[in-house]
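> I would like to see how this sequence folds:
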Amino acid sequence: MLLNTTTPRVFIAATRQNDGKTTNSLGLLAALQARFGQVGYIKPVGQRFVEIDAEKIDEDSVLMDRVFRLNCPLVDMSPIAVEPDFTRKYLQAANYETLVKRIHKAFDRVAWEKDFVLCEGTGHAGVGSVFDLSNATVARLLGAKVVIVTRGGIGLPIDEVTLNCALFAREGVEVIGVILNKVLPEKLEYIAEFAEKGLRRKGLKLLGVVPHQPMLSFPTMDLVREDLGAKELNQTGQIHNIIEHVVIGAMGPTRASALFRPGVLLIVPADRDDIIKAAGEYLKGGGKLAGIALSDDIAPSGAVLKLTRGLPCPVLMTPLDSYMVASRVHDLIVKIRPGDTEKIRLVQDLIAKHVKLDKILEAI
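Coordinates of the predicted model:
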C-alpha cells in the first residue's frame, strides 16, 4: 500500500511538552479550514487518551473533531494510543511494521477528499524513540515538513530548537520554521527581532510570535471536577467557568467575603456554614465566583445543601482536604477542551493574528 503523497500536509512539533503545540494546532486548523475548506487532522501517536466506543482516542483528536467537525473516524485521527504498558509490550515483541502500516492507513483515510492535513506530534522530536516512533520518525513516515513550537525567548528556545532539528535532519525531515509561543506581550517586538536573527543564522524562519495569554493556563471548574472526582451538587450551566484565583475558607466570614471576586474558586470545609452562607449572600447580591468546592469529606448540613442548589455557580463536593484540593488545582496541566468556547475563540484569534500561515504554505 502506497502512502498518499499528493495531499499537502504539515507536522506540528515542539521542543517539550506543554509548549503550546495543541494550542497552535487548534488555531492553525481554523485558519486552514477558512482557506481550504476540507481539512484533515491526525495525531499519529498520542499519550493522553479517553475511551470512546471501546476505542482509545487521544484527547486532542477528540478536541479537534468536536470543534471543527472534520468528518473522519476518530480511530483514524488517533491511530496509536500509548497505554501504560505499551512500551513494555513493544520491547518484549517489537511490531514496528504493524504500527507503521496502521499510521499509513489512518493518514490515507484522514486525507481522503481533503485539501490539507495537519499532523500533530507529541512533545519533542525524540518522544517515542523507545518504541521506534519518535516524532522525527513519524514525520518522515508521513512525508511531512515540520513546524516547531517553542516557548518565548531568545537563547534557550533557539538552543532547544537546534537540538530538535538535529534529530529531524538525521531522519531527512525538513524543518521549515519556528513559532515562539507564550511571549510576554511587552517583549513581543524585541523577542521577534532578535529571535528572527538568531533563527536565520540556523537556516530557519520565524513563522510567528504568539503573546502569552494567562487565561489559557487557567483551569475550568469542569477540569477540577474531573481531576478531583468531585460530585456536582447543583446544575448551573456554568461548569466551564474559568478559575483565576483560589481562596481557602479558613478564616472568618467577614475576612473571606473581602476576598470574593469573579474568577475565584472558594475551597471551604463543608461544615463551615458561616463562610458558605457568606458566599451565598455575595452571589445573590450580584457578585460572581468561578465556583465553590466543599472539602474534607464532611456531609453538608441540610441548610447548606438547600442553599447550594440555588447558587448560580457550580458547587462541587470532594473528600479531599482543603490543602490537597488547592494543591491539585495549582498543579493541574491545563488542556483546552471542546466546551471551553471562550478559550477556543481566543486561540483562533491569536493564531490568525500572530502566525504567518502564508509563509508555512509557501514552504510546503
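> Between the two ends of stretch 202-218, how far is it?
35 Å (Cα to Cα, to the nearest Å).
> Could you give me the buried positions within that stretch?
L204, K205, L206, L207, G208, V209, V210, P211, H212, Q213, L216, F218 (16 or more other Cβ atoms under 10 Å). For the C-beta atoms, the positions are set from N, CA and C on the backbone; glycine is no exception.
> Among those residues, name the ones in strands.
L206, L207, G208, V209, V210, P211 (DSSP state E).
> doesn't G20 make contact with the fifth one?
Right, the one you point to is V210. Yes: using Cβ atoms under 8 Å, V210 is in contact with G20, at 7.1 Å.
> Need the residues touching each of these two.
Here V210 and G20 have I179, N181, K182 as joint contacts, going by Cβ atoms under 8 Å, 6 or more residues apart in numbering.
> in the stretch 101-250 of the chain, which spans are strands?
Along the stretch 101-250 of the chain, counting by DSSP state E, counting those that start in this stretch, strands occupy 116-120, 145-151, 175-183, 206-211, 231-232, 245-248.
> Take those strands and write them to TSV, including mean pLDDT.
Below are the strands of the stretch 101-250 of the chain laid out as TSV (pLDDT from 0 to 100):
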stretch	mean pLDDT
strand 116-120	96
strand 145-151	95
strand 175-183	95
strand 206-211	96
strand 231-232	93
strand 245-248	95
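> Can you say which of those strands is nearest to V315?
Minimum separation from V315 across those (Cβ to Cβ) falls at strand 231-232, 7.3 Å.
> Identify the residues contacting that closest one?
R225, I239, P314, V315, L316, M317, T318.
> Run a quick neighbour tally on L74.
18 (other Cβ atoms under 10 Å).
> which residue sits closest to it, ignoring its sequence neighbours?
I57 (4.8 Å; Cβ to Cβ, 6 or more residues apart in numbering).
> ok, now how distant is M251 from S257?
Distance, M251 to S257, using Cβ to Cβ, to the nearest Å: 10 Å.
> wait, A139 sits on I148?
No: look at A139 against I148 with Cβ under 8 Å: they stay out of range, at 10.7 Å.
> so what sits against both of these two?
Joint contacts of A139 and I148 (Cβ under 8 Å, 6+ apart) are A13.
> just to revisit the earlier point, out of the ones in strands among the buried residues of stretch 202-218, which one sits closest to F131?
L207 (30.0 Å).
> quick one, what contacts the spatially closest residue to that closest one that is not a sequence neighbour?
Nearest non-adjacent residue to L207, counting by Cβ to Cβ, 6+ apart: G177, 3.9 Å away. By Cβ under 8 Å, 6+ apart, G177 lies in contact with V147, I148, L199, L204, K205, L206, L207, K359, I360, A363.
> Starting from L266, give me the distance back to the residue found closest to N18 once you drop the neighbours it is linked to in the chain.
With sequence-adjacent residues excluded and distances taken as Cβ to Cβ, 6+ apart, N18 is closest to I333, at 6.4 Å. Going from I333 to L266 by Cβ to Cβ gives 23 Å.
> those helices in the stretch 51-200 of the chain, which residues are they?
Counting by DSSP state H, counting those that start in this stretch, the segments of the stretch 51-200 of the chain that form helices are 59-68, 74-77, 86-92, 96-111, 135-141, 155-170, 188-200.
> mind checking how far the third one is from the chain centre?
The one in question is helix 86-92. Mean-position distance between helix 86-92 and its chain equals 27 Å (Cα atoms, centre = their mean, to the nearest Å).
> pLDDT weak spots in the stretch 51-200 of the chain?
For the stretch 51-200 of the chain, no stretch has pLDDT under 70.
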